[in-house]
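Student: give the three-dimensional model of this entry:
(2 chains, ligands or ions: 3)
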Amino acid sequence: MSHRKYFKPAPELESEVDALVARYPSPRSAVVMVMHTVQEYFGCIPADALEWIARKLDIEPINVYELVTFYPMFHQAPVGKFHIKVCRTLSCALRGSWRLHEFLCDRLGLDSGVDGPQTTPDGMFTVEFVECLASCGTAPAMMCNDELYEEMDREKTSELIEQCKKKWLPNMDSNHD
Amino acid sequence: MATEHRLILKNIDRQGYDTGIECYLKHGGYNTLKAVLSTPERKMPDGRTVDTPAWLRNEVLVSGLRGRGGAGFPCGRKWAFINHGSGKPVYLICNADESEPGTFKDKQIIYKDPHQLLEGMILSCYANHVHLAYIYIRGEFYEGARILKRALAEARSKNLLGEDILGSGYDLEIYVHRGAGAYICGEETGLIESLEGRRPYPRIKPPYFPAAFGLYMSPTIVNNVETLCAVRHVIEMGGSRYGELGVRSDPGTRILSVSGHVRKPGYYEIEIGKVTFGELIYDLAGGLAEGRKLKAVIPGGTSAKVLRADERFKLRSSGGNGESAETEIGLLELPFDSDSVAAAGSMCGSGGVIVLDDSADMIDVLRNISGFYAHESCGQCTPCREGSLWMSKALNRIACGGARYLDAEYLLSISDGIAGGKTVCAFGEACAWPVMSFVEKFRGEFEARAAADESRSEEENADMIVA
Ligand SMILES: Cc1cc2nc3c(=O)[nH]c(=O)nc-3n(C[C@H](O)[C@H](O)[C@H](O)COP(=O)(O)O)c2cc1C
Ligand code: SF4
Ligand code: FES
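Tutor: Ligands and ions are numbered 1, 2, ... in the order given. Next up, the predicted model:
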């Protein structure tokens, strides 16, 4: 018997989802938008939220599951606080994005031989290679969460890491002074 | 010295120009829409009086405007496939997936002049009796989706959208729909499946042409962001005047995304056919780095066949008197328009021009491109799913010191097994064409690599693997 709690979304999440569903002649069409909304709330799409989405849109859980696994932007387990995506595609590669990925991984103690997402043990950073971000004119490009960083180099990458750490650490440091 | 011809990008990057509706209105925005909606009937060139939507469709047809998303299909002809008597609603989807590597032009419009896109969309929807439309935007454009949402809300508040637009009796709703990082959602039938909430597996054509069986099996128009903006200019200028821009077979202006080994990568809007690759690379994009020589150009996104810097092409040009003459030119003299690039054996595609200088290792370049396609194949059909992966694996091996004499033939045989209508969608061609063209045109590099790798002894090879 399952002891999992019956998933109950916050009222604002539920009303946000209802508004999305109303935009389409068929509720199922809203599924990717609903998944984005859920992922913004929880940082990923947990199994019970997935089932809730399916019920809400009157489809089978497998129909949501097959989308979580298809689309690169969705994940079933949480990723790091700062999710850095480095473009690996041609125009960025020509301008050194692979060396930059290596540099970034080295700085964070991650394995630069890994293409897919990998997270630092403290859960702060996730780094992964992604395909063309439509910023090839300002290559090499990266994203950190939902922000784009263009014309990156080592210096700007180090700066980005420092900024992230600063954003995260104040909460921990505040007891010290 | 070649210059840009800015029509769609006219206000973009101007000091003080922002994405708000007031700014757009101040620059004459929505005037075309207002004029169109205030006149329910129009006279056609042949003297007949028709309703304004039919007149708009004719203007677009007359203009000769071709799609800017990749396939270059004439927009007016695509619209003419729509059956307005089917009893089903007609849908319009703006393809803002912008995922072809090397392409970043739609982004400029979305991020810097969203109302221009909306005006183009509203005009296109009105022309085709559409009452519900979506903008399918790639998931990574977080900010773009926010900008569009804001612009839509502004347009609604001014009754440029919604019910009874500006008192014309016409109703229209437009929503932003975000993708989630899959290239295949740019293919129009994959996009439609995605929008219906299923895995974005492209549909087979025939019978699933969007114009006949599109979104919810209803007649559907899918147009690229830039195409819809061009429609606004077609209507503003009049179809025949717009048609005078560019060349007859490919009229108007186009925004080219230039990246790779140039000093000034960026977006350049040109009059089609009036700028050559040489002018684009050396005048507009600032040329190559000091001491570098041009090696090759990918003219229309990574799916397009590569062009060698030293290739010669035969172009047919028809004189005014009906005679046609053949001229032989080099890559630098090749004009950027659909017919010319097709005559050179490639395509304008999405307008993503990737420039490669002599520092580029063609095996590495192709390995990168093939890696992209192996990652992005939707996996629905066997030749594409398996073939894209085999090509990518072989290229990884070649790039890592394991090249063999048979590799060129091996790669060609795989790509032959994919391209040529053997797959559900044109992704098959998109992943095969780069391989075919790189191997054929840079065979020497593959053979040199094979000669070096095959000449090593077993021990040397073992050492290499350890190292
Ligand atoms: C694999 C593949 C990917 C595509 N990606 C895009 C894209 O990202 N954006 C786009 O506008 N068209 C893309 N297209 C072309 C669309 O299928 C479609 O032809 C286009 O959106 C039609 O608009 P247009 O006639 O205005 O060009 C792609 C096609 C294929 C085969
Ligand atoms: S050709 Fe490739 S991308 Fe297109 S449907 Fe077949 S497997 Fe999918
Ligand atoms: S290749 Fe990196 S953004 Fe296009």
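
Student: I'd say residue A:120 and residue A:111 touch.
Tutor: No: using Cβ atoms under 8 Å, residue A:120 is not in contact with residue A:111, being 11.3 Å away. (C-beta placed from N, C-alpha, C; glycine too.)

Student: the two: who's more crowded?
Tutor: residue A:120 (15 against 10; other Cβ atoms under 10 Å in any protein chain shown).

Student: so who does the more buried one touch?
Tutor: Counting by Cβ atoms under 8 Å, 6 or more residues apart in numbering or on different chains, residue A:120 touches A:80, A:108, A:109, A:110, A:126.

Student: closest one of these to ligand 2?
Tutor: Set against ligand 2, the nearest of those by Cβ to the nearest ligand atom is residue A:126 (27.5 Å).

Student: what is the burial count for the residue in the stretch 101-250 of chain B positioned nearest to ligand 2?
Tutor: Nearest to ligand 2 in the stretch 101-250 of chain B, going by Cβ to the nearest ligand atom, is residue B:202, at a distance of 4.2 Å. Residues near residue B:202, counting by other Cβ under 10 Å, number 23.

Student: circling back to that earlier point, make TSV out of the contacts of residue A:120 and add distance to residue B:285 and secondary structure.
Tutor: Supplementary listing: those in TSV, determined by distance: Cβ to Cβ, whole Å; DSSP: H, G, I helix; E, B strand; the rest coil:
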residue	distance to residue B:285	secondary structure
A:80	37	coil
A:108	35	helix
A:109	39	coil
A:110	35	coil
A:126	35	strand
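
Student: show the buried residues in those.
Tutor: Taking 16 or more other Cβ atoms under 10 Å in any protein chain shown as the criterion, what is buried in the contacts of residue A:120 is A:80, A:108, A:110, A:126.

Student: I'd guessed the first one sits against residue A:126; true?
Tutor: Yes: under the criterion of Cβ under 8 Å, residue A:80 is in contact with residue A:126, at a separation of 3.6 Å.

Student: spell out which residues are contacts of both of the two.
Tutor: A:119, A:120.

Student: run a quick neighbour tally on residue B:43.
Tutor: Each residue near residue B:43 was counted by other Cβ under 10 Å, and the total is 10.

Student: now it: how far from residue B:37?
Tutor: Applying Cβ to Cβ, to the nearest Å, the value for residue B:43 to residue B:37 is 17 Å.

Student: what do you get for residue A:111?
Tutor: 59 Å.

Student: helix or strand: which one has residue B:152?
Tutor: Following DSSP states H and E, one finds residue B:152 within helix B:142-157.

Student: got a list of contacts for that helix?
Tutor: Helix B:142-157 is contacted by residues A:146-148, B:19-21, B:96, B:107, B:110-111, B:114-115, B:117-118, B:122, B:135, B:137, B:161-162, B:174-176, B:178 when judged by Cβ under 8 Å, 6+ apart.

Student: buried ones in the lengthiest helix in chain A, by neighbour count?
Tutor: What stands out as the longest helix in chain A, according to DSSP state H, is helix A:154-168. By 16+ other Cβ under 10 Å, the buried positions in helix A:154-168 come out as A:157, A:160, A:161, A:164, A:168.

Student: where does chain B have its least confident helix or strand?
Tutor: None of the helices or strands of chain B scores lower by mean pLDDT, DSSP states H and E than helix B:458-466, at a mean of 67.

Student: which positions in the stretch 351-467 of chain B make contact with ligand 3?
Tutor: Residues of the stretch 351-467 of chain B lying close to ligand 3 (Cβ under 6 Å from any ligand atom): none.

Student: in the stretch 351-467 of chain B, which spans are helices?
Tutor: B:362-376, B:382-399, B:407-416, B:427-441, B:443-454, B:458-466 (DSSP state H, counting those that start in this stretch).

Student: so which of those gets nearest residue B:214?
Tutor: Residue B:214 lies closest to helix B:427-441 among the helices of the stretch 351-467 of chain B, at 18.8 Å (Cβ to Cβ).

Student: could you check the angle helix B:362-376 makes with that closest one?
Tutor: Relative orientation of helix B:427-441 and helix B:362-376, computed by axes from the mean of the first three to the mean of the last three Cα atoms, to 10 degrees: 170 degrees.

Student: report the distance from helix B:427-441 to the chain centre.
Tutor: Helix B:427-441 sits 18 Å away from the centroid of its parent chain (Cα atoms, centre = their mean, to the nearest Å).
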